[in-house]
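**Student:** The sequence and its predicted three-dimensional model are supplied below.
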Amino acid sequence: EMAEPVLRLAGSRINPKTNGAFSTTSMTSITLKRLAGGAEVKVTTPAGAKIGNVSFSDDGKHLAFTVTTATGIELWVADAATGQARAVTTPTLNGTGGAPCSWLDDSSALLCEFVPAGRGPAPTPPPVPAGPRVQETAGRAAPAPTFQDLLTGPHDEKLFEHYFTSQLVLVTPSGTQTPVGRPAIFATASVAPDGKHVLVARIKRPFSRLVTANGFPRDIEIWNLEGEVVKKIGEQPLGEGIPLGGVTTAPRAYRWVHTEGATLLWAQALDES
């Protein structure tokens, strides 16, 4: 596992062979233990499985988890009553940005990120640099934390776009797949409790070489299940120059209120720091 390839992009370490996080640890099996009586149910998993991202549906009837193979990441769904599980996707999930799937509130499906169909090969590095690396100062003090694994040049930017771009798809426990919208680099994507709207934060250029992807600019939008923009909520600017311990003064941390049908909650600093 330590010998697997690793790319260091925008604060993340990913395995280009699997389109997932570079990791040397994983679960190998799952056993459910009943609170009443202590009976155990072993979940069916493939031999030698590398398991991650385990999550129950809200109704408690299904258990979803990912299995990382030599070439990609599969989504598996288990019956919580019997432990019987099966793969409901091919190894084409995109886990570079974190957990690739999340349950809808009504437990009818999961919203997953996939490698876009026909993505093509990864960009190759240029034989010679296109030019010098140039950094400029704005002339004002801006103490900031230092980060590992940042983008270092135009080729890293192309690799980031290549590996982190995903296609949203709704996947039912039976394996039916319904694409949602067009591919993008998603910082977040979640379906509203009403099951009719999707909150997305799409990362966009300019990419930074001073902060991680968490500080990249993004558009915050509400989509319908066809991927059409119902409403643009706002934009989060580039996070360079934010002082140590500070946050952006723009609205941030958008999320659904789970006691309402389609209502958003967010945070915003009002003290300009």
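**Tutor:** It's in.

**Student:** just for the stretch 151-273 of the chain, where's the confidence low?
**Tutor:** Where the stretch 151-273 of the chain drops to pLDDT under 70, the residues are 272-273.

**Student:** Pretty sure Cys112 sits against Gly95.
**Tutor:** No - the criterion here is CB atoms under 8 Å, and Cys112 misses it with Gly95 at 9.8 Å. All C-beta spots, glycine's among them, are computed from the backbone N, C-alpha and C.

**Student:** Which residues are in contact with each of the two?
**Tutor:** Here Cys112 and Gly95 share no contacting residue, scored by CB atoms under 8 Å, 6 or more residues apart in numbering.

**Student:** between these two, which one's more packed in?
**Tutor:** Using other CB atoms under 10 Å, the more surrounded residue of Cys112 and Gly95 is Cys112, with 28 against 25.

**Student:** Remind me which helix or strand that one belongs to.
**Tutor:** Using DSSP states H and E, Cys112 sits in strand 110-114.

**Student:** model confidence over that strand, on average?
**Tutor:** Mean pLDDT, computed over strand 110-114, is 98.

**Student:** what comes into contact with it?
**Tutor:** By CB under 8 Å, 6+ apart, strand 110-114 touches 64, 75, 89, 92-95, 97, 100-104, 166-171, 180, 186, 189-191, 198.

**Student:** again, only this time at 6 Å
**Tutor:** Strand 110-114 is contacted from outside by 64, 92-94, 100-103, 166-167, 169-171, 191, using CB atoms under 6 Å, 6 or more residues apart in numbering.

**Student:** residues of it that come out buried?
**Tutor:** Neighbour-count burial for strand 110-114 flags 110-114 (criterion: 16 or more other CB atoms under 10 Å).

**Student:** same question, stretch 164-178
**Tutor:** 164-171, 173.

**Student:** Equivalent analysis for stretch 39-50, please.
**Tutor:** Neighbour-count burial for stretch 39-50 flags 41, 43, 45, 49-50 (criterion: 16+ other CB under 10 Å).
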